[in-house]
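# Model the structure of this input:
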Amino acid sequence: MFDCFVRPLSKLCGLAVFTVAVAAGAATQPIGLFEGHQDVGTVLHAGSAEYDHVRNAYTVSGSGENMWFGIDDFHFVWKKVSGNVALTADIAFIGKGGNAHRKAVLMIRQSLDGSSASVDVAVHGSGLTSLQYRNPAGADTHEVESNVSAPKTVRIEKHGDFIYAFVSGEGGKLEPAGAATKLALTGEFYVGIGVCAHDKDVIEKAVFSNVSLVQLPAATGKQMLLSALETVAIASTDRHVEYVAAGHFEAPNWSRDGSFLIFNQDGAIRRLALGASESTLIATGAQTRCNNDHGISPDGQFLAISDQSGADNRSHVYVLPIGGGAPRQVTANGPSYWHGWSPDGTTVAFTGERGGNFDIYTIPASGGEELRLTTAAGLDDGPEYSPDGAFIYFNSERTGQMQIWRMKPDGKEQEQVISDESNDWFPHISPDGQWMVFLAYEKGVTGHPPDKDVELRLMSLKDKKVHVLAKLFGGQGTINVPSWSPDSLKLAFVSYEQLPEVSLDAK
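Numbers count the residues shown, from 1 in each chain. Modelled structure (predicted):
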């Protein structure tokens with residue numbers, strides 16, 4: 001293996017010509033905890049690494065145009081390992097300025113090839129911190145951004161096929177970042193630290209101190225459940241963690257003015273202002289057993305909830321002011337689960353079980369007689385009006401497999417929208433009427449259970465083309481209700497982690 005440096009020889013001819021001089025052995029010389037270091041991908045200026053054993057600190061210099069799309073260009077200090085591992089370090093860039101997207105990373109990758117399948121916790125020059133991942137090799141890189149900027153300490157953990165990110169908060173304690181991905185690595189793989197300048201013409205430096213690389217024991221079965229409220233941009237598919245907490249919460253709604261999100265947790269409805277670190281309770285009076293079927297009226301003034309606090313212990317639909325207050329019961333029969341408002345706010349659509357069968361109903365938002373719209377055998381669920389009021393979209397298993405359907409608001413002209421191999425749930429139409437997002441389970445999954453590998457898929461209503469918006473661990477609670485941003489550019493959802501409790505015990 002060799003370390004390389006580039007020297008211009010423009011005087012030898014009229015063109016900008018380069019030769020590469022090499023120094024033997026540098027790439028495989030042990031350095032601190034690691035076995036070697038080298039440039040990965042294509043760089044114009046050779047990187048380097050130095051180790052200060054007194055401070056347990058590594059100074060890494062790296063060039064490279066980027067660590068993104070289908071290839072990484074950076075300097076990597078690595079060790080070959082297997083099994084479950086955790087790598088922790090404090091990270092600080094040397095020097096001001098530089099590209100805002102220069103990156104210092106803790107990384108796990110299958111090989112030293114630039115296009116290798118990989119995952120890293122990247123601290124950017126701007127302070128942005130994210131979990132970046134490429135799977136499979138050569139695929140475009142995706143990321144989940146943390147809601148903590150420029151943390152002092154970061155950590156990456158591998159447990160089986162799952163990779164988790166941790167960041168230090170205000171008190172300096174490492175906490176789960178709410179960012180995770182699944183990456184199956186075969187045999188031995190590489191773990192280490194690295195730097196990318198995000199500018200092919202320069203070299204950037206970062207110091208990694210208090211570096212710890214430990215082998216983690218196998219999970220004992222005791223796990224900690226984490227929920228992360230995320231948003232995803234439909235143009236880039238970049239994800240951002242808005243809020244993460246231990247425990248279980250579900251089903252975000254995005255406010256009509258775009259300033260806050262609503263979700264349910266432990267029977268309560270909570271509000272999270274965008275950019276806030278904590279959520280606040282929305283008072284729902286006697287309704288203290290709210291489930292994950294809730295949503296905001298078109299004028300933004302009211303909130304529909306589904307709650308089973310009544311004497312019959314069945315879910316009913318209620319309406320209350322958006323800021324909280326005494327709920328007014330809308331449905332007399334139960335169980336009833338809210339899913340959509342008509343564009344004019346006068347009618348709500350819900351799923352109801354009547355006589356042992358789940359079907360789609362509508363009812364005036366002020367209360368009154370319910371109208372049954374579907375009669376097919378099996379489950380019909382998730383009704384939601386299109387923004388123009390022309391259709392109600394829903395999911396149905398009437399064909400033997402859960403698929404997306406739509407119908408006129410009076411129940412006529414029921415037609416299948418999607419026919420694929422997955423089980424598809426909860427269609428949500430963007431406010432501009434251009435897109436439909438839905439939750440896709442693998443073919444063999446029945447119902448909409450939690451704790452599954454699922455996909456958020458996006459379909460253009462213009463040409464019916466479908467692509468994957470996000471892959472995550474979730475299912476029930478991820479996207480049960482409308483959660484588009486009012487400008488139709490982003491979507492909110494909840495992902496989950498079942499993190500082995502051995503993680504932070506092993507320093």
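
# Could you list the paired strands of the helix or strand hosting residue 362 along with their orientation?
According to DSSP states H and E, residue 362 maps onto strand 357-364. Strand pairing for strand 357-364, using DSSP bridges, gives strand 347-354 (antiparallel), strand 371-372 (antiparallel).

# Please produce JSON lines containing these, extended by distance to residue 298 and mean pLDDT.
Glycine gets a C-beta too; all of them are placed from N, C-alpha and C. Below are the strands paired with strand 357-364 laid out as JSON lines (distance: least, Cβ to Cβ, whole Å; pLDDT from 0 to 100):
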{"stretch": "strand 347-354", "distance to residue 298": "11", "mean pLDDT": "98"}
{"stretch": "strand 371-372", "distance to residue 298": "20", "mean pLDDT": "98"}
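
# Please identify which of the ones you listed is closest to residue 435.
Nearest to residue 435, of all the strands paired with strand 357-364, is strand 347-354, at 19.5 Å by Cβ to Cβ.

# Output that closest one as PDB, restricted to C-alpha atoms.
Included here for strand 347-354 are C-alpha records, laid out as PDB according to Å, rounded to 0.1, in the frame of the first residue of the first chain:
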ATOM      1  CA  THR A 347     -67.300  16.800   6.700                       C
ATOM      2  CA  VAL A 348     -64.900  14.300   8.200                       C
ATOM      3  CA  ALA A 349     -64.100  10.900   6.800                       C
ATOM      4  CA  PHE A 350     -63.400   8.000   9.100                       C
ATOM      5  CA  THR A 351     -62.900   4.200   9.300                       C
ATOM      6  CA  GLY A 352     -65.600   2.500  11.300                       C
ATOM      7  CA  GLU A 353     -66.200  -1.100  12.400                       C
ATOM      8  CA  ARG A 354     -69.900  -2.000  12.100                       C
END
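
# Could you list the buried residues of it?
Within strand 347-354, the residues scored as buried using 16 or more other Cβ atoms under 10 Å are 347, 348, 349, 350, 351, 352, 353.

# which of those residues lies closest to residue 479?
When the buried residues of strand 347-354 are ranked by distance to residue 479 (Cβ to Cβ), residue 351 comes first, at 15.5 Å.

# which residues does the closest one contact?
293, 336, 337, 339, 358, 359, 360, 361, 380, 381, 382, 383 (Cβ atoms under 8 Å, 6 or more residues apart in numbering).

# if I look at it, how far off is residue 337?
In this view, residue 351 and residue 337 are 5 Å apart by Cβ to Cβ, to the nearest Å.

# Need the overlap of contacts for the two.
Residues touching both residue 351 and residue 337 (Cβ under 8 Å, 6+ apart): 293, 381.

# Find the residue closest to residue 229 in space, skipping its chain neighbours.
residue 243 (4.4 Å; Cβ to Cβ, 6 or more residues apart in numbering).

# which parts of the helix or strand encompassing the one you found are buried?
Using DSSP H and E, residue 243 sits in strand 239-246. Buried residues in strand 239-246, counted by 16+ other Cβ under 10 Å: 239, 240, 241, 242, 243, 244, 245.

# can you pull out the strands in the stretch 301-450 of the chain?
Under the criterion DSSP state E, counting those that start in this stretch, the stretch 301-450 of the chain carries strands at the ranges 302-307, 316-321, 328-329, 336-341, 347-354, 357-364, 371-372, 380-385, 392-396, 403-407, 415-416, 423-429, 435-441.

# first vs last residue of stretch 318-333, how far apart are they?
Distance across stretch 318-333, first residue to last, is 12 Å (Cα to Cα, to the nearest Å).

# my bad, stretch 356-373
With Cα to Cα applied, stretch 356-373 spans 16 Å between its terminal residues.

# hmm, who's touching that stretch?
For stretch 356-373, the surrounding residues in contact (Cβ under 8 Å, 6+ apart) are 297, 302, 304, 317, 319, 328-333, 336, 341-342, 345-352, 354, 374-381, 383, 392, 394, 407, 409-411.

# Output the strands of the stretch 301-450 of the chain in JSON lines; the columns should cover distance to residue 178.
As requested, these are exported to JSON lines (distance: least, Cβ to Cβ, whole Å):
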{"stretch": "strand 302-307", "distance to residue 178": "25"}
{"stretch": "strand 316-321", "distance to residue 178": "29"}
{"stretch": "strand 328-329", "distance to residue 178": "35"}
{"stretch": "strand 336-341", "distance to residue 178": "27"}
{"stretch": "strand 347-354", "distance to residue 178": "30"}
{"stretch": "strand 357-364", "distance to residue 178": "33"}
{"stretch": "strand 371-372", "distance to residue 178": "41"}
{"stretch": "strand 380-385", "distance to residue 178": "26"}
{"stretch": "strand 392-396", "distance to residue 178": "28"}
{"stretch": "strand 403-407", "distance to residue 178": "29"}
{"stretch": "strand 415-416", "distance to residue 178": "36"}
{"stretch": "strand 423-429", "distance to residue 178": "22"}
{"stretch": "strand 435-441", "distance to residue 178": "19"}
